[in-house]
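Q: Dropping a prediction and its sequence here:
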Amino acid sequence: MSKQKKLKPELASGFRDRKGNELILKDRLIEIIKRNFQLFGFEPLETPGFELSENIGKFLPDEDRPMAGVFGFKDEKDWISLRYDLTAPLARYVSENFDNLSKPFKRYQVGSVWRNEKPGPGRYREFTQIDADIVGTKSVSADADMCVLLVDTLNKCGLDKNEYLIKVSNRKLIQGLLEELKVTSDLKKLTAIRAADKLDRVGISGVKALLGKGRKDKSGDFTKGAGLTENQSEEIINFLKIDSFSKLGNLSSNLTFKEGISELNEILELTKLNKFADRIKFSSAVVRGIEYYTGAIFEANLLFKVKNKKGKEIEFGSVGGGGRYDDLISRFTQSIYPATGVSIGLDRLLYAITQKKMEKIKDNNPVVICVFDKKQMSQYNKLLTLLRSSNINSEIYCGDGSLKAQMKYADKRNAPAVILYGDNEIKSGIVTIKNLKLGKEASVDLKTREDWTSSKTAQITAKVENLVDEIKKLL
């Protein structure tokens, strides 16, 4: 027999494992956001992870990869792909179920999405999004509602007002500017928009290079540019530097540009009615790289720094965004069916909140009941029943180790407490409770029960009938 190849236990680039308190906090954030979306009148929807490739389309910014940055394969007669966002599947769903839906149709969805892109700090190829969309209205008030929804949701997730900003713009501004600059090629327009969208990541000089011939990044990868002239590039850079909505009026007489200003003005006026109005600001630098946006666009940006894996403080940037996409559904219906929506990146928001340590996660690790004698399992199970019937996470040690190994196990599980229930305790009707939250013991030095019971970690004895009350005090 040939020797079997030894496998490397490693993940593909751009993917990661998660466990423990990180997932508990993620679930908590999801519940907060879902509840808030329901409060704003959205109903839940779930669509499959795979869609027909032609139905989700090629709208991602990363054009250098197969199928424009998606993961896909041929299944019998059709190409199918993992969804890269939750919006394209929504367009398919609305078109398929058009006659049975309320109009406008308001839905939210939580789900994993996959992008075949180059990974980077805080950027993964698989991540979780939670979206809210309103389909079937051209009203600018729906766009304003999206901005208010973003503000209110981030606030309820625990962010202070000075820690985030909703930046608002309109895709018609840069579209109109490109028209005035006589950029007629659709490909050049899209490449220029995607170059401008990278401002936060590559800076002014990087954007200028991408508007021109192209840019080589630190890894040596070269991205082909839009091929604009020096003058065209300068005009776009000047637009991206505008820091006030009031300065837009004299920039262009283009009709599309003027429409963008008018819609923006209405959004800003409507959001003034909200108590978080000062968190919603115009920003010319918001252009959004995904192709299907047609009008209002917005991004939720965090204003504090976080540390990367190397411990270096970096600007974190966007944790969500969205905009109006009036043409996406028309690919199925052959008629305009307007829509607007927002998407929150759960993994990025989780990473930032964890860094800020704003959320103290309640310890969900189990209380561990130590096993001294397997013949006494019925007695241990009585304690277990008492704890679990009171919704206290708990378990009987199920390994084969000694007491020393059991203490190591409790330590590795970050157990809040261990329960010692030996022959003496059973005869006396009492339990010994070790409170591990008051300080971890060096369990390697604890070889016998006497070592453990004489250690400095807080320890109490209680009657069995008082066990639940004593455990609740230390949780």
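A: Ah, there it is. From a predicted model like this one, the values you see are computed outputs, not experimental measurements. Residues are numbered from 1 along each chain as shown.
Q: Going by neighbour count, which residues of stretch 415-430 are buried?
A: The neighbour-count criterion (16 or more other C-beta atoms under 10 Å) identifies 415-422, 425-426, 430 as the buried residues of stretch 415-430. Quick note: C-beta positions are derived from backbone N, CA and C, even for glycine.
Q: Then stretch 90-100?
A: Neighbour-count burial for stretch 90-100, counted by 16+ other C-beta under 10 Å, picks out 90-95, 98.
Q: can you redo these as a markdown table with distance to Phe105 and secondary structure?
A: As requested, the buried residues of stretch 90-100 are exported to a markdown table (distance: C-beta to C-beta, whole Å; DSSP: H, G, I helix; E, B strand; the rest coil):
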| residue | distance to Phe105 | secondary structure |
| --- | --- | --- |
| Leu90 | 9 | helix |
| Ala91 | 11 | helix |
| Arg92 | 13 | helix |
| Tyr93 | 9 | helix |
| Val94 | 6 | helix |
| Ser95 | 11 | helix |
| Phe98 | 9 | helix |
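Q: and which of those is nearest to Ser53?
A: When the buried residues of stretch 90-100 are compared for distance to Ser53, the smallest value, 11.7 Å, is given by Arg92; criterion: C-beta to C-beta.
Q: The nearest residue to that closest one once chain neighbours are set aside in helix, strand or coil?
A: Nearest non-adjacent residue to Arg92, counting by C-beta to C-beta, 6 or more residues apart in numbering: Asn55, 4.9 Å away. Here Asn55 takes the helix state, with states given by DSSP: H, G, I helix; E, B strand; the rest coil.
Q: What about the buried residues of stretch 415-430, which are in strands?
A: Secondary structure of the buried residues of stretch 415-430 is defined by DSSP state E; positions in strands are 417-420, 430.
Q: ok, back up a step: for the residue nearest to Arg92, give me its contacts.
A: With contacts defined as C-beta atoms under 8 Å, 6 or more residues apart in numbering, Asn55 is in contact with 88, 92, 332.
Q: If I follow the layout properly, the second one ends up in contact with Phe332?
A: Yep, that's Arg92 we're talking about. Yes - under the contact definition of C-beta atoms under 8 Å, Arg92 touches Phe332, with a separation of 6.7 Å.
Q: Show me what Ser169 bridges to in the sheet.
A: Assessed by DSSP bridges, Ser169 has beta-bridge partners Ile297.
Q: So that it lines up with my notes, have the first residue be 53 from now on.
A: All set: I'll call the first residue 53, so the last point we hit is now Ser221.
Q: Could you report the neighbour count for it?
A: Other residues within reach of Ser221 by the criterion other C-beta atoms under 10 Å amount to 24.
Q: ok, now Gln407?
A: 16.
Q: same question, Leu438
A: A count of neighbours around Leu438, defined by other C-beta under 10 Å, yields 17.
Q: ok, it to Val423 distance?
A: Leu438 is 17 Å from Val423, where distance means C-beta to C-beta, to the nearest Å.
Q: Now do the same contact list for Thr392.
A: Per C-beta under 8 Å, 6+ apart, neighbours of Thr392: 185-186, 189, 194-195, 198, 347-348, 374-377.
Q: of those residues, closest to Met459?
A: Proximity of the contacts of Thr392 to Met459, judged by C-beta to C-beta, is greatest for Gly374, which lies at 50.6 Å.
Q: any idea which element the nearest residue to Gln90 once chain neighbours are set aside lies in?
A: Closest residue in space to Gln90, ignoring its immediate chain neighbours: Tyr160 at 7.6 Å, by C-beta to C-beta, 6+ apart. When elements are defined using DSSP states H and E, Tyr160 is found to belong to strand 157-166.
Q: who does that strand touch, helix- and strand-wise?
A: Counting contacts by 3 or more C-beta pairs under 8 Å, 6 or more residues apart in numbering; DSSP states H and E, strand 157-166 packs against helix 72-91, strand 95-96, helix 139-148, strand 178-187.
Q: To Lys299, which of the ones you listed lies closest?
A: For the helices and strands packed on strand 157-166, proximity to Lys299 was assessed by C-beta to C-beta; strand 178-187 is nearest, at 30.4 Å.
Q: what's the angle from the closest one to helix 72-91?
A: With axes from the mean of the first three to the mean of the last three C-alpha atoms, to 10 degrees as the criterion, the two stretches strand 178-187 and helix 72-91 enclose an angle of 0 degrees.
Q: What distance do you get for the residue nearest the centre of the chain to Ile82?
A: Among the residues of the chain, the smallest C-alpha distance to the mean C-alpha position (C-alpha atoms, centre = their mean) belongs to Leu398, namely 1.6 Å. Taking C-beta to C-beta as the measure, Leu398 and Ile82 are separated by 7 Å.
Q: between those two, what contacts are shared?
A: Common neighbours of Leu398 and Ile82, using C-beta under 8 Å, 6+ apart, are 162, 180, 182.
Q: list the contacts for the last one?
A: Residues touching Ile182, when contacts are defined by C-beta under 8 Å, 6+ apart, comprise 82, 85-86, 89, 160-162, 395-396, 398.
Q: partner residues bridging it?
A: Val162, Ile396.
Q: can you pull the pLDDT of the residue nearest to Arg144?
A: According to the model's per-residue confidence, Asn107 sits at a pLDDT of 90.
Q: Next: Asp497.
A: Asp497 is assigned 51 on the pLDDT scale.
Q: Show me this structure divided up by domain.
A: The record's domain split for the chain, according to automatic domain parsing, is 72-408, 419-526.
Q: returning to that earlier point: run through the residues that contact the residue nearest to the residue nearest to the centre of the chain when sequence neighbours are not counted.
A: Once its chain neighbours are removed from consideration, Leu398 has its nearest residue in Thr180; the separation is 4.1 Å (C-beta to C-beta, 6+ apart). The contact partners of Thr180, taken as C-beta under 8 Å, 6+ apart, are 78, 82, 162-165, 397-399.
Q: Which ChimeraX command selects the buried ones in the residues you listed?
A: A single ChimeraX command is used to select the members of the contacts of Thr180 judged buried by 16+ other C-beta under 10 Å:
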select :78,82,162,163,165,397,398,399
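Q: Report the separation between the residue of the chain positioned farthest from its centre and Thr513.
A: In terms of distance from the mean C-alpha position of the chain, Lys479 ranks first, at 53.0 Å (C-alpha atoms, centre = their mean). In this structure, Lys479 and Thr513 are 13 Å apart, going by C-beta to C-beta.
Q: same question, Leu401
A: As judged by C-beta to C-beta, Leu401 and Thr513 stand 45 Å apart.
Q: Using CSV, lay out the contacts of Thr180 together with pLDDT and distance to Ile218.
A: Formatted as CSV, the entries for the contacts of Thr180 read as follows, by pLDDT from 0 to 100; distance: C-beta to C-beta, whole Å:
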residue, pLDDT, distance to Ile218
Lys78, 92, 22
Ile82, 96, 20
Val162, 98, 21
Gly163, 97, 23
Ser164, 96, 25
Val165, 95, 22
Gly397, 93, 15
Leu398, 93, 18
Asp399, 89, 20
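Q: okay, and for the protein, where does confidence drop off?
A: 53-54, 110, 112-120, 172-174, 409-415, 491-509 (pLDDT under 70).
Q: run the last query once more with 50
A: Across the chain, the stretches falling below the confidence threshold (pLDDT under 50) are 116-118, 493-496, 508.
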